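>>> Next comes the sequence, and after it the predicted model I'd like to discuss.
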Amino acid sequence: SAALAAIIVLVSAPADAIAQNSTGAISSAAEQYQADVAWWADDALEGRGMESAGLEKSGKWVARQFEVIGLEPAGDDGFIDPFTAQVMIPDPDQADNPHGGERREVKAFNVVGRIPADAATRLPGAIVVGAHYDHLGMGGQGSLEPDAVEIHNGADDNASGTAALLAVARELVGRSDELRRDVWFVAFSLEEKGLLGSSTFAREPTGGLEMDSVFAMLNMDMVGRLTDDKLQVLGGGSAEEWVELVTPLCEAAMLQCTIAGDGFGSSDQSSFFAAGVPVLHFFTGTHSEYHKPSDDANLINAEGGVRVAGLVSEVTVLTAGLETPLTYVEAKERQSQRMSFKVTLGIVPDYAGPSDGAPGLLLSGVRPEGPAGKAGLERGDIIVGMGDKDIASIEDYMMVLAETEPGSSMPVTVMRNDERVVLEVTFDD
């Protein structure tokens, strides 16, 4: 539209500058980026696995970098935002049983900082820019070499994204006078365990942020392997305006962007999309080292990572200046989601579980056209029963779903505002 075109002209000049910058300037930023990735992907951090000393150390290092860069602290404890979550701990004696093991509470923390908008004409709302900093530790569950008890350094997944998060923060802290909305920077923990850090933040944001004021969320996960200038910008279908907004910025940065897909996926933007926020996930593609011990820092394209961070900076400035809200687009259910089951309920589970640790399946999203939406289930409901089965966890839910036939109906019991509500659900034929 003409309005969008006018906005793009106003903010695209810095992107042109990035694309035409001297080799020396890019190389300097790339050196910093490579150094950041190498720090996170060092064997000394033992793969930044859940509950490890390496994960705690790396999170605290992010907090120190936020402080040095000049962000304002926005967590519950300075930059640190602690949370607890219920996690299924696999039982090695039940390797063939996907539901084998025990659920227990674990402690972790996100790292949260912000840049207050400093433009003369501030706008309501905030932009969230995020990346996860955890990985798989010594392997095991989630590793594509599950028998290899070795350090999984996760250079691309996701030291590359966290290094890009710092690069965007460094860029924008000096451009706060261009920002018309506050920008929040969040390094999420326990993404590898089911988006636990981001789902907790989306449910209980800190620093006075309200989820209904989040204008957009930009996620960087695996941005360290740029090849042939090709970049995937996932979530391009989560708002009607994304393609028209982002395409000129990609062209200015000399990046060949594929901008498509709804906001769901196996990374932290999903938690925000489920909460009704337009999202983008910047991704340079998968590779043979994914979730293997061989994902090391020497394979990172540092200059590519800097270029992706530069693009995200420009998208942030542009989005922060939009006068009208983005048009959120609900995801349509995809056939692939039915592959493992004959039926689907049409929900998005919150893998962190109820905040008080109570049993049940917490819903972070409900698709209106799905069986759950038609029956009246809502975001924030906690499913505690399906038919005659108690639901204490997502594993219980999956077992019931696996036994359910198309066209059948059953009562689904949820906890809603401390009250038990029973709803009749009919599964689609």
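On my side now, so go ahead. Since the structure is predicted, the reported quantities are computational estimates derived from the model, not experimental observations.

>>> So what touches stretch 380-393?
Identification of contacts with stretch 380-393 by C-beta atoms under 8 Å, 6 or more residues apart in numbering yields 86, 88, 103, 353-354, 358-363, 366, 377, 396-397, 399-400, 410-416, 420-421. Heads up, the C-betas are built off the backbone N, CA and C, glycines and all.

>>> Recalculate using a threshold of 6 Å.
For stretch 380-393, the surrounding residues in contact (C-beta atoms under 6 Å, 6 or more residues apart in numbering) are 103, 354, 359-363, 397, 400, 410, 412-416.

>>> Please narrow the residues you listed to those residing in strands.
Among the contacts of stretch 380-393, DSSP state E puts 103, 361-363, 410, 412-416 in strands.

>>> In PyMOL, how would I select just the buried ones from the contacts of stretch 380-393?
A single PyMOL command selects the buried members of the contacts of stretch 380-393 (16 or more other C-beta atoms under 10 Å):
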select buried, resi 103+354+359+360+361+362+363+397+400+410+412+413+414+415
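
>>> any idea which of the contacts of stretch 380-393 is the one closest to Gly305?
Distance to Gly305 across these (C-beta to C-beta) is lowest for Leu362, with 34.5 Å.

>>> can you give me the strands for the stretch 101-250 of the chain?
Applying DSSP state E, counting those that start in this stretch to the stretch 101-250 of the chain gives strands spanning 101-115, 126-132, 182-188, 214-220, 230-234.

>>> Quick one, which of those gets closest to Val343.
Closest to Val343 of those, according to C-beta to C-beta: strand 101-115, at 24.7 Å.

>>> ok, and for that closest one, which residues are buried?
101, 103, 106, 108-115.

>>> Now do the helices in the stretch 301-429 of the chain.
Remark: helices assigned in the stretch 301-429 of the chain by DSSP state H, counting those that start in this stretch are 302-320, 371-375, 394-402.

>>> thinking again about what came up before, can you redo the buried residues of strand 101-115 as CSV with pLDDT?
Below are these laid out as CSV (pLDDT from 0 to 100):
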residue, pLDDT
Gly101, 67
Arg103, 77
Val106, 93
Ala108, 97
Phe109, 98
Asn110, 98
Val111, 98
Val112, 98
Gly113, 98
Arg114, 97
Ile115, 97
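
>>> which regions of this structure sit below the pLDDT cut-off?
Applying pLDDT under 70 to the chain picks out residues 1-26, 91-101, 333-340, 351-352, 355.

>>> Pick out the residue nearest the middle of it.
Closest residue to the average C-alpha location of the chain: Asp268 at 1.3 Å, with C-alpha atoms, centre = their mean.

>>> what residues are up against that one?
With C-beta under 6 Å, 6+ apart, Asp268 has these contacts: 130, 132, 188, 191, 195, 198, 219.

>>> If burial is judged by neighbour count, which of those pass?
130, 132, 188, 191, 195, 198, 219.

>>> Quickly name whichever of those residues is closest to Asp81.
Distances from Asp81 to the buried ones among the contacts of Asp268, taken by C-beta to C-beta, are shortest for Phe188, at 9.7 Å.

>>> Tell me, how many residues neighbour the residue nearest to the closest one when sequence neighbours are not counted?
In space, and not counting its chain neighbours, Phe188 is closest to Gly197: 3.6 Å by C-beta to C-beta, 6 or more residues apart in numbering. Neighbours of Gly197 under the rule other C-beta atoms under 10 Å: 30.

>>> Quick check, Thr84 in contact with Glu105.
Yes: the criterion here is C-beta atoms under 6 Å, and Thr84 meets it with Glu105 at 5.3 Å.

>>> Count the neighbours of the closest residue to Asp76 other than its chain neighbours for me.
Distances taken as C-beta to C-beta, 6+ apart put Thr206 closest to Asp76, at 5.4 Å, once the chain neighbours are dropped. Residues near Thr206, counting by other C-beta under 10 Å, number 20.

>>> if I look at Thr206, how far off is Gly113?
Noted for Thr206: a distance of 11 Å to Gly113, by C-beta to C-beta, to the nearest Å.

>>> go on, Asp229?
Taking C-beta to C-beta, one finds Asp229 at 31 Å from Gly113.

>>> Quote the end-to-end distance of stretch 376-385.
Taking C-alpha to C-alpha, to the nearest Å, the first and last residues of stretch 376-385 lie 15 Å apart.
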